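Q: how would this look folded up:
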Amino acid sequence: MGENGYNTRSFLRTIYNSKFYEKFLNNEPEVLLVEYPSIRVTRAQYDSSTKSLLINFNTEKSMILSTIFQIKYPNSLFSISNITRDNYSDGFTVNQISKGIIEIQYTYNTIDKQETEFNILFH
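A: Numbering: from 1, shown residues only. Presented below is the predicted three-dimensional model:
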């Protein structure tokens with residue numbers, strides 16, 4: 001097939017081996033968007049036994065005081081029951097963007113603290 005055909009097959013094989021399709025089979029929530037490039041998702045883990053999505057964010061620049069991110073979830077299977085940030089239920093706002101997508105905006109309380117953790121519970 002030539003070099004280009006080989007690269008295409010190799011590329012497709014790599015995608016298939018990454019088991020991307022399991023995301024669609026598992027019906028697990030996922031982080032869709034983080035507003036600023038200097039905000040990184042350092043951990044995103046879904047626990048199916050507790051129906052809990054844990055997300056850790058980190059910013060490398062202390063001047064970033066707020067950001068927005070979106071969560072996509074299978075709304076036919078789940079509803080959101082509770083959202084906490086660093087074990088508190090305040091310090092952020094939640095907007096329903098569409099069925100199955102929420103947007104969360106939050107601010108950092110201090111410039112020194114550059115990490116935050118969200119825990120989203122579904123039922």
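
Q: so how far is the first residue of stretch 41-55 from its last?
A: Its start and end residues considered, stretch 41-55 measures 7 Å (C-alpha to C-alpha, to the nearest Å).

Q: repeat that for stretch 59-71.
A: Taking C-alpha to C-alpha, the first and last residues of stretch 59-71 lie 19 Å apart.

Q: repeat that for stretch 59-67.
A: Stretch 59-67 has its terminal residues 10 Å apart, counting by C-alpha to C-alpha.

Q: excluding its backbone neighbours, what's nearest residue 99?
A: Nearest residue to residue 99, sequence neighbours excluded (C-beta to C-beta, 6 or more residues apart in numbering): residue 75, at 5.0 Å. C-beta here means a position set from N, CA and C on the backbone, and glycine is covered the same way.

Q: tally of neighbours for that neighbour?
A: Burial of residue 75 is recorded as 15 neighbouring residues (other C-beta atoms under 10 Å).

Q: tell me how many other residues surround residue 88.
A: By other C-beta under 10 Å, 8 other residues sit near residue 88.

Q: what does residue 87 give?
A: 7.

Q: repeat for the one 5 residues further on
A: The local packing count at residue 92 equals 18, with neighbours defined by other C-beta under 10 Å.

Q: phi, psi for it please.
A: Backbone torsions for residue 92, taken as degrees, to the nearest 10, come to phi -160, psi 160.

Q: let me know the pLDDT of it.
A: Residue 92 carries a pLDDT score of 88 in this model.

Q: quick check: it touching residue 106?
A: Yes - in this structure, residue 92 is within contact of residue 106 by C-beta atoms under 8 Å, at 3.8 Å.

Q: so for whichever strand or helix holds residue 84, mean pLDDT?
A: Counting by DSSP states H and E, the element that carries residue 84 is strand 80-85. For strand 80-85, the mean per-residue pLDDT is 91.
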